[in-house]
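Engineer: A structural model of the following input is requested.
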Amino acid sequence: MVDEPLSAGAVARRLGVAVTTLRTWHQRYGLGPSQHVPGHHRRYTPADLARLEIMRKLTAEGVTPAEAARWAKQSPVVPGPGVAPRLRAGTARDGGGQTIPVGRAGPAARGLARAAMRLDAAVISDTISHALATDGVVATWEGLLRPVLAGIGERHVATAGGLIDVEHLVSRCVSEAFAAVARSGRATGPARILLSCADEEQHTLPLEALAAALAEAGVSYRMLGARVPAAALVEAVNRTGPAAVVVWSHTRPTADPAQLSALLAVPRRPLLVLAAGPGWRADTLPAGVVRPVDLAEAVSLALAVRDSLDQSTGADRA
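Structural biologist: Have a look, this model is predicted:
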């Protein structure tokens, strides 16, 4: 219930901040829990939560923490969660008031977006790690990361190149989280899936998401990364003999169908070629190329390839 006193962890989840941030606000600005029961930890009352929501809202808009705390403590009427006092002119920093749109995404995405605007790497990383541990890679990508990354892209366009610092920080945190999943994966057997960006394609996060999802599902793979020329990709296929190749293109300029045709011409068959990403146009793909609609379908196709290989290997042994 909203009227029940809350623990620091519950308040942190509601606000989309780290527990350490709450402790800092308590120690430095006096915005701590007010309910005290002997023998128990202090709890945050609804009034405490409302003040902290003001603090969180104003700091996200560019107000200094000290100034935001002054507003939170001096507000004559403590509003409900999600309501903040109107700022007087000049209190926000240049660029203040910016928010990252996340569409219909849930509270976790909104909290991640607020942390991104604050450049709070600790909260960003904690939020992503918690979601990966709780929901898995595919759900985290679709429900949490994609909405926030798309929102950053929208703001980047709307502000004529703004939020580059936000984009770089969030991208780094996402990459580190996916790398941790990949390192802890339970994949066994030969790497029969080859992951590569198209020639001159530099957007690697979706491919890293696929790599993490494959590792989570126990599928071995090789990752080549960004900007792989078609000739180099063909050479990698000839050298490693994968059963499937995923070529990621984020934008139309990097989605040259000739790259896919070159893979289809490789003598080593059978080879499943997947054209992943919004850069590819379905009506320009060579015959025989599969275009997964999303991360979940790409993972399903990879699993089908692995299972097919396992069955054929088992039949050969029998």
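Engineer: pLDDT score assigned to P81?
Structural biologist: We note a pLDDT of 42 for P81 in this prediction.
Engineer: I meant A180, not that one.
Structural biologist: According to the predicted model, the pLDDT of A180 comes to 95.
Engineer: where does it land in three-state SS?
Structural biologist: helix (DSSP: H, G, I helix; E, B strand; the rest coil).
Engineer: thinking it is in contact with S129, fair?
Structural biologist: Yes - contact between A180 and S129 holds when scored by C-beta atoms under 8 Å: they sit 7.5 Å apart. All C-beta spots, glycine's among them, are computed from the backbone N, C-alpha and C.
Engineer: mind showing which ranges of the stretch 151-300 of the chain have poor pLDDT?
Structural biologist: Across the stretch 151-300 of the chain, residues meeting the criterion (pLDDT under 70) sit at 268-269.
Engineer: At which residues are the helices of the chain located?
Structural biologist: Using DSSP state H, the helices found in the chain span residues 8-15, 19-29, 46-60, 65-74, 107-117, 121-135, 137-140, 146-158, 164-183, 205-217, 230-240, 257-264, 295-317.
Engineer: Can you name every helix or strand that the second one contacts?
Structural biologist: Looking back up the chat, that one is helix 19-29. Counting contacts by 3 or more C-beta pairs under 8 Å, 6 or more residues apart in numbering; DSSP states H and E, helix 19-29 packs against helix 8-15, helix 46-60, helix 65-74.
Engineer: a markdown table for those, including mean neighbour count, mean pLDDT and distance to R104?
Structural biologist: Formatted as a markdown table, the helices and strands packed on helix 19-29 follow (neighbours: other C-beta atoms under 10 Å; pLDDT from 0 to 100; distance: least, C-beta to C-beta, whole Å):
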| stretch | mean neighbour count | mean pLDDT | distance to R104 |
| --- | --- | --- | --- |
| helix 8-15 | 18 | 84 | 19 |
| helix 46-60 | 22 | 81 | 20 |
| helix 65-74 | 17 | 78 | 28 |
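Engineer: Tabulate those helices in CSV, adding columns for distance to A105.
Structural biologist: Rendered in CSV, the data for the helices and strands packed on helix 19-29 read as follows (distance: least, C-beta to C-beta, whole Å):
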stretch, distance to A105
helix 8-15, 16
helix 46-60, 16
helix 65-74, 25
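Engineer: List the contacts of the closest residue to S249 other than its chain neighbours.
Structural biologist: Spatial nearest neighbour of S249, excluding adjacent residues (C-beta to C-beta, 6 or more residues apart in numbering): G279 at 3.2 Å. Contacts of G279 were listed using C-beta atoms under 8 Å, 6 or more residues apart in numbering, and they are 198, 201, 249-255.
Engineer: most neighbours, which of those?
Structural biologist: Neighbours here mean other C-beta atoms under 10 Å. Within the contacts of G279, the largest count is held by A198, at 29 neighbours.
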